[in-house]
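# got a sequence here, can you model it:
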Amino acid sequence: MNFVPAKTPLIAKKLFPNYVWNVPTTNKELYLTFDDGPTPEITHWTLEVLKQYNAKATFFCIGSNIKKHPKIFKSILQEGHAIGNHTQHHVKGWKTPVDAYLEEVEKAQFQINAIQQTQKRFFRPPYGQIRPEQGKALMALGYEIIMWDVLSFDWDERVTEVNCLKKVTSNSKPGSIIVFHDSVKASRNMMYTLPKVLEHFSSKGFVFKSLDF
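Model prediction:
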């Protein structure tokens, strides 16, 4: 079973205080994020569901997917969502030398900037794997490293749809950054869970915002 908790422990946040784990607020705000897109089979569906609830989110895109699907990437922007960098080929930070890792990030940023120039540079490491020297180098280049407060585990086929939903609803609180994936692998759990999360928290007066700081 998973040894990574759905709710990020406070100790992890204290060990890496320069990374963004949640948004400090007492307002009823949640921050949905989607990794690994854009994906033809899933991203359009995700955008339509978010639109139904007037929800904004942040999409951490893989550079090679942006290159293959620029129209889908543009549709994310046109719907008013924020964009983040998820490397060019979804590499594992723990197994990648610093220079090669930076090159992966910059290649993905090139794909992003080719479609829309942005002064804000959000980055999320694939698998959550990033070594301190990689993080330090990226922050020196102006990247905000966005981690998370709540993991949905939508990608894990061992997790049922009901448990995926429970992980999100039971662990999210004002300011939580929540991880989903607009990928085929995660589609079973994500497509079940996302509409119910939007309905559940909307009924409690929450709004869903994209990252903007």
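# give the next helix or strand downstream of the helix-or-strand element of the chain with minimal mean pLDDT.
Sorting the helices and strands of the chain by mean pLDDT, DSSP states H and E puts helix 10-15 at the bottom, at a mean of 92. Tracing the chain past helix 10-15, the next element assigned as helix or strand by DSSP states H and E is strand 29-35.
# the least confident helix or strand of the chain: which residues count as buried?
Neighbour-count burial for helix 10-15, with 16 or more other CB atoms under 10 Å as criterion, is recorded at no position. Placement of C-beta: from N, CA and C, glycine included.
# which residues are contacting it?
Tyr19, Trp21, Asn22 (CB atoms under 8 Å, 6 or more residues apart in numbering).
# name the nearest residue to the residue most central in space within the chain, sequence neighbours excluded.
Central residue of the chain (CA atoms, centre = their mean): Thr33, 3.5 Å from the mean position. Leaving aside its chain neighbours, Thr33 sits nearest to Thr58 (4.8 Å; criterion: CB to CB, 6 or more residues apart in numbering).
# can you give me the distance of that neighbour to Glu103?
Separation of Thr58 from Glu103 (CB to CB, to the nearest Å) stands at 23 Å.
# more neighbours: which of these two?
Thr58 (22 against 15; other CB atoms under 10 Å).
# surely the more buried one is within a strand?
Yes: under DSSP: H, G, I helix; E, B strand; the rest coil, Thr58 falls within a strand.
# who are the contact partners of it?
Tyr31, Leu32, Thr33, Phe34, His81, Ala82, Ile83, Gly84, Phe122, Ile146, Ser210, Leu211.
# coming back round to it: in PyMOL, how would I select just the buried ones from the contacts of helix 10-15?
Remark: buried members of those, expressed as a PyMOL selection using 16+ other CB under 10 Å:
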select buried, resi 19+21+22
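# quick one: buried residues of the biggest helix by length in the chain?
Counting by DSSP state H, the longest helix found in the chain is helix 98-115. For helix 98-115, burial by neighbour count (16+ other CB under 10 Å) applies to Tyr101, Leu102, Glu104, Val105, Glu106, Lys107, Ala108, Gln109, Gln111, Ile112, Ile115.
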